[in-house]
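Peer 1: Need the 3D shape of this:
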Amino acid sequence: MHRSRSLRLGIAIGLLAGAASVHAQVFPNRTVRIVVHFPPGGPVDFVARALGQRLGDAWKQPVVIENRPGAGGVVGVEMVLRSPPDGHTLLLGTSGSMAVGPAVSKLPYDVFTDLAPIALLVINPQILVVHPSLPVRTVSELVKLAKSKPGQINYASVGPGSPNHMGMELLKSMTGMDMVHIPYKGTTPAMTDVISGQVSLLFNSMPSVLPHIKSGRLRAIAVGSAKRSPAAPDVPTVSETPGLQGFQYTTWYGLFGPAAMPKDIVNQVNAETVKALNQPDMSELFASQGAEPAPSSPEGLAKFMRAEFEAWRKVIKAAKITLQ
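Peer 2: Numbering: from 1, shown residues only. Here you go, the predicted model:
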């Protein structure tokens with residue numbers, strides 16, 4: 001059976017198994033799982049565990065984080081889609097799996113119809129860093145150098161079609177730079193080669209690069225967000241560069257469930273999530289990692305995700321990146 005049809009059959013079975021009893025249950029009445037499609041220890045896992053602890057305290061039920069990396073998020077998403085839609089299995093999705101991935105790849109599911117948006121969680125400003133040997137300290141200097149050496153400067157990403165690949169392609173399309181893309185299979189090997197000088201630069205999330213900026217192993221030249229980040233207030237935005245007004249590249253995390261999840265449970269999870277994110281100590285905790293809490297309604301997340309998808313689809317078209 002075709003993979004997509006098999007997945008939809010699994011979703012239907014999960015729906016039949018859960019629909020009959022879901023309204024009769026008090027939510028939550030057992031352990032809640034938050035599926036994270038990244039390995040333990042990274043920034044996505046950090047946010048999931050912090051949120052899970054607060055939700056568990058509020059619900060008086062265990063909330064466990066289940067790390068299911070693989071296939072660019074497909075493994076984790078499919079696990080959630082095959083689960084009963086009763087709110088006890090949730091997904092912490094990212095811009096990569098919910099907006100960039102669907103724009104660049106053919107997936108065995110539709111993120112807009114097979115998932116129920118619950119809440120936007122945080123927005124992560126991305127920061128452009130270079131190896132100290134590269135003689136640039138601003139975006140303008142980078143553009144000038146790259147144009148003087150077309151095809152000679154290389155940049156890293158965590159893979160073709162990944163958010164940091166797309167962020168750099170967006171910058172290239174707005175400046176006319178010709179740089180070589182060096183894809184890796186994860187953040188660690190990409191960061192390792194930039195730190196060693198094997199690759200000249202990359203865009204990456206604040207938590208991954210801040211320690212290396214502070215140690216001097218990397219030099220920060222700009223952040224991709226519309227405004228400067230409190231975690232790196234001295235680093236200008238890309239959009240402060242003449243000619244690059246309007247540039248914006250951030251990543252984000254959101255909470256989702258299966259599409260058939262009852263609206264009252266969606267609203268209950270949303271309310272507790274927003275309450276947790278609005279606590280001052282949670283804001284401080286995320287800010288220490290360079291993340292900015294951005295709680296939303298389910299409808300707000302759905303609208304935001306659609307806008308992100310459309311924006312990245314334009315970047316992908318301009319960069320002539322073909323669908324996988």
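
Peer 1: Only C-alpha atoms from now on, for both contacts and neighbour counts.
Peer 2: Fine.

Peer 1: in this protein, which ranges drop under the pLDDT threshold?
Peer 2: Where the chain drops to pLDDT under 70, the residues are 1-25, 322-324.

Peer 1: Domain map for it?
Peer 2: The chain breaks down by automatic domain parsing into domains covering 3-124+251-319, 126-240.

Peer 1: mind putting these in JSON lines, mean neighbour count included?
Peer 2: Formatted as JSON lines, the domains of the chain follow (neighbours: other C-alpha atoms under 10 Å):
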{"stretch": "domain 3-124+251-319", "mean neighbour count": "19"}
{"stretch": "domain 126-240", "mean neighbour count": "19"}
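
Peer 1: pull the CA atoms of stretch 314-324 into CSV?
Peer 2: In CSV, the C-alpha atoms belonging to stretch 314-324 read as follows (Å, rounded to 0.1, in the frame of the first residue of the first chain):
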residue,chain,number,x,y,z
LYS,A,314,8.4,32.1,-2.5
VAL,A,315,12.0,31.8,-1.3
ILE,A,316,12.2,28.2,-2.5
LYS,A,317,10.9,29.2,-5.9
ALA,A,318,13.4,32.1,-6.2
ALA,A,319,16.3,29.8,-5.2
LYS,A,320,15.1,27.1,-7.8
ILE,A,321,15.1,24.4,-5.1
THR,A,322,13.3,21.4,-6.6
LEU,A,323,10.8,19.3,-4.6
GLN,A,324,12.1,16.1,-3.2
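
Peer 1: Could you check how far Pro117 is from Thr89?
Peer 2: 13 Å (C-alpha to C-alpha, to the nearest Å).

Peer 1: Quick one: residues contacting Leu91.
Peer 2: Contacts here follow C-alpha atoms under 8 Å, 6 or more residues apart in numbering; on that basis Leu91 touches Ile34, Val35, Val36, Gly76, Val77, Val80, Leu255, Phe256, Gly257.

Peer 1: rerun at 10 Å
Peer 2: 33-37, 48, 65-66, 76-81, 115-118, 254-258 (C-alpha atoms under 10 Å, 6 or more residues apart in numbering).

Peer 1: likewise Val74?
Peer 2: His37, Arg68, Ser97, Gly101, Leu107, Pro108, Tyr109.

Peer 1: repeat that for 6 Å
Peer 2: For Val74, the contact set (C-alpha atoms under 6 Å, 6 or more residues apart in numbering) is empty.

Peer 1: And for the closest residue to Gly224 other than its chain neighbours, the neighbour number?
Peer 2: Among residues not flanking Gly224 along the chain, Tyr249 sits closest, at 4.6 Å (C-alpha to C-alpha, 6 or more residues apart in numbering). When neighbours are counted by other C-alpha atoms under 10 Å, Tyr249 registers 23.

Peer 1: Need the three-state assignment for Lys147.
Peer 2: helix (DSSP: H, G, I helix; E, B strand; the rest coil).

Peer 1: do Gly56 as well
Peer 2: Following three-state DSSP, Gly56 is assigned to helix.

Peer 1: For it, give me its contacts.
Peer 2: Contacts of Gly56 by C-alpha under 6 Å, 6+ apart are Pro62, Val63.

Peer 1: go on, Ile65?
Peer 2: Counting by C-alpha under 6 Å, 6+ apart, Ile65 has contacts Arg33, Ile34, Val35.

Peer 1: Dump those residues into CSV; add secondary structure and distance to Gln61 as well.
Peer 2: Below are the contacts of Ile65 laid out as CSV (DSSP: H, G, I helix; E, B strand; the rest coil; distance: C-alpha to C-alpha, whole Å):
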residue, secondary structure, distance to Gln61
Arg33, strand, 11
Ile34, strand, 13
Val35, strand, 16
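
Peer 1: just checking, Asp264 is part of a helix?
Peer 2: Yes: counting by three-state DSSP, Asp264 is part of a helix.

Peer 1: And it, how close does it get to Lys303?
Peer 2: Asp264 is 20 Å from Lys303, by C-alpha to C-alpha.

Peer 1: Tell me which residues are up against stretch 176-185.
Peer 2: Ala146, Lys147, Pro150, Gly151, Ile153, Asn154, Tyr155, Ala156, Ser157, Val158, Gly159, Ala190.

Peer 1: try 8 Å this time
Peer 2: 143, 146-147, 150-160, 165, 172, 190, 199.

Peer 1: ok, back up a step: from what I can see the residue nearest to Gly224 touches Gln126, true?
Peer 2: Yes: assessed by C-alpha atoms under 8 Å, Tyr249 is found in contact with Gln126 at 6.6 Å.

Peer 1: anything in contact with each of the two?
Peer 2: Gly224, Ser225.

Peer 1: my read: Arg75 touches Pro69, true?
Peer 2: Heads up, residue 75 is Val, not Arg. Yes: checked against C-alpha under 8 Å, the pair Val75 and Pro69 is within contact range at 6.5 Å.

Peer 1: Just send the contacts of Ile65 back as a markdown table, with distance to Pro242 too.
Peer 2: Converted to a markdown table, these look like this (distance: C-alpha to C-alpha, whole Å):
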| residue | distance to Pro242 |
| --- | --- |
| Arg33 | 47 |
| Ile34 | 43 |
| Val35 | 42 |
